[in-house]
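Engineer: pasting the sequence and the predicted coordinates here, then a few questions.
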Amino acid sequence: MYRTHTCGELRVKDVNMTVTLAGWVQTVRKFGAITFVDLRDRYGVTQLLFGEDLQAELDANPLGREFVLQVEGFIQERSNKNLNIPTGEIEILVQKFAILNKSAVPPFTITDETDGGDDLRMKYRYLDLRRNAVKKNLELATMLYEKQKSLWEQNIGTEVQYLTAKNQKESLEKQLNTLNQQYELTKLISPINGVVDAVDIKAGQVASPGFAGIRVVNFSNLKVKGEVSETYSALVHEGDKVKIFFPDLNKEIDSKISYAAKVINTQSRSFTVESKLTGESEFKPNMIALMKILDYEKDNAFVLPVNLIQKSGDGDFIYVASEANGRKIANRQTVTTGKIYNGQVEITSGLKPGDQVITVGYQDLVGGQAIQLASNQ
């Protein structure tokens, strides 16, 4: 678990509770065999106490300002209370800790009373957003507004005082909302759930929207993606059957088109199609796959090898075996062809069930010539 509580919500009533906190290291104070650390998140600050039993581990893994730290321990009442902060009556006696991320020394202290000038804080805006100054100012402005509003409703005070308090409160609300939106932009969010497979970004490296620094894979949501010539744009639709062949696995599976793009790529003159896969462990991202899309289907069709079709001035024809006067002869039969695929041609007319098509020696036949069928036909 990342954390059980925030750094701003624990009080004396929570003493003896075991908790997990996470946040930024604000200050580190070492006194002999014990070390005090102020841990901060966007909700507040909590003091941590590292006892003598953890000093060797702290020496091997020293903490610095703005390190991201996770600790587990139990709450105890402080002997020297700090009533200036909401959590100043308690501290966490740390039992174990983990440094989640290290940090370079920040250019200014990230506290409400920072030593950074306006130019410096604007340059490092993502650090300045960690401060709570605007939030505290809003709390004060809200309290003043509510008091001024109460007085105004009792006809005490002037309208200018009431409107000034209201304007100050609304202005700070908008400012805080803007800061929260900017803060959200500092987070790296994966568009999918999955497992981190590779991290190519280093601590301190500048990132921006679209930056490919972390690769996340999800084997439960794999899909095959391909490009299809615009010639077939009117024939390929979502839901069409597709056979997907993986050469590296020597495996073919049946699936359906889950997505067909509506726009033609102007560079390749093609459009994108996708087909979802099941979560089988043998499939890997970026594998080569061959998609065979079923763009035409007809029940009870007659199909022949395309080389059996001969041509004449009267059209296409084939030879079929028929019987005349007690003997087998080759009968020339005109046919109409349809779709051609993978060396096979569809016969749309000219054939009927039971016709025996001559497939061997047909090139040298003439109509009415006597033939002898092979014993295996």
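Structural biologist: Arrived safely, thanks for sending.

Engineer: which residues are in contact with the helix or strand Ile75 falls within?
Structural biologist: Using DSSP states H and E, Ile75 sits within strand 68-77. Identification of contacts with strand 68-77 by Cβ atoms under 8 Å, 6 or more residues apart in numbering yields 2-3, 10, 12, 14-25, 37, 39, 48-49, 63, 89-101, 103. For every residue, glycine as well, the C-beta is placed using N, CA and C.

Engineer: stretch 242-258 now?
Structural biologist: Defining contact as Cβ under 8 Å, 6+ apart, one finds that stretch 242-258 is touched by 223-224, 236-241, 273-278, 282-283, 287-294.

Engineer: hmm, which of those residues are the buried ones?
Structural biologist: Val224, Val236, Asp240, Val273, Ser275, Leu277, Phe283, Ala289, Met291, Ile293 (16 or more other Cβ atoms under 10 Å).

Engineer: JSON lines for the residues you listed, including distance to Ile347 and pLDDT?
Structural biologist: Formatted as JSON lines, the buried ones among the contacts of stretch 242-258 follow (distance: Cβ to Cβ, whole Å; pLDDT from 0 to 100):
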{"residue": "Val224", "distance to Ile347": "33", "pLDDT": "94"}
{"residue": "Val236", "distance to Ile347": "25", "pLDDT": "91"}
{"residue": "Asp240", "distance to Ile347": "24", "pLDDT": "92"}
{"residue": "Val273", "distance to Ile347": "30", "pLDDT": "95"}
{"residue": "Ser275", "distance to Ile347": "31", "pLDDT": "94"}
{"residue": "Leu277", "distance to Ile347": "36", "pLDDT": "86"}
{"residue": "Phe283", "distance to Ile347": "39", "pLDDT": "85"}
{"residue": "Ala289", "distance to Ile347": "32", "pLDDT": "93"}
{"residue": "Met291", "distance to Ile347": "27", "pLDDT": "93"}
{"residue": "Ile293", "distance to Ile347": "23", "pLDDT": "90"}
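
Engineer: let me have those residues in JSON lines, extended by secondary structure and distance to Ile329.
Structural biologist: Output for the buried ones among the contacts of stretch 242-258, formatted as JSON lines (DSSP: H, G, I helix; E, B strand; the rest coil; distance: Cβ to Cβ, whole Å):
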{"residue": "Val224", "secondary structure": "strand", "distance to Ile329": "52"}
{"residue": "Val236", "secondary structure": "coil", "distance to Ile329": "46"}
{"residue": "Asp240", "secondary structure": "coil", "distance to Ile329": "44"}
{"residue": "Val273", "secondary structure": "strand", "distance to Ile329": "50"}
{"residue": "Ser275", "secondary structure": "strand", "distance to Ile329": "50"}
{"residue": "Leu277", "secondary structure": "coil", "distance to Ile329": "54"}
{"residue": "Phe283", "secondary structure": "coil", "distance to Ile329": "56"}
{"residue": "Ala289", "secondary structure": "coil", "distance to Ile329": "50"}
{"residue": "Met291", "secondary structure": "strand", "distance to Ile329": "46"}
{"residue": "Ile293", "secondary structure": "strand", "distance to Ile329": "43"}
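
Engineer: adding distance to Asn80, write these out as CSV.
Structural biologist: Formatted as CSV, the buried ones among the contacts of stretch 242-258 follow (distance: Cβ to Cβ, whole Å):
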residue, distance to Asn80
Val224, 65
Val236, 74
Asp240, 74
Val273, 69
Ser275, 66
Leu277, 62
Phe283, 61
Ala289, 67
Met291, 71
Ile293, 74
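
Engineer: and those, which two are the farthest apart?
Structural biologist: Farthest-apart pair in those is Val236 and Phe283; separation 22.7 Å (Cβ to Cβ).

Engineer: for Asn137, which non-adjacent residue is spatially closest?
Structural biologist: The spatially closest residue to Asn137, leaving aside those adjacent along the chain, is Leu172, at 5.7 Å (Cβ to Cβ, 6 or more residues apart in numbering).

Engineer: doesn't that neighbour belong to a helix?
Structural biologist: Yes: according to DSSP: H, G, I helix; E, B strand; the rest coil, Leu172 belongs to a helix.

Engineer: can you verify my assumption that it contacts Met143?
Structural biologist: No: counting by Cβ atoms under 8 Å, Leu172 does not reach Met143; the two are 11.8 Å apart.

Engineer: between these two, point out the one with more neighbours.
Structural biologist: Leu172 (20 against 12; other Cβ atoms under 10 Å).

Engineer: quick revisit: quick check, nearest of the buried ones among the contacts of stretch 242-258 to Ala33?
Structural biologist: Distance to Ala33 across the buried ones among the contacts of stretch 242-258 (Cβ to Cβ) is lowest for Phe283, with 55.8 Å.

Engineer: where's the closest one relative to Pro86, distance?
Structural biologist: Applying Cβ to Cβ, to the nearest Å, the value for Phe283 to Pro86 is 52 Å.
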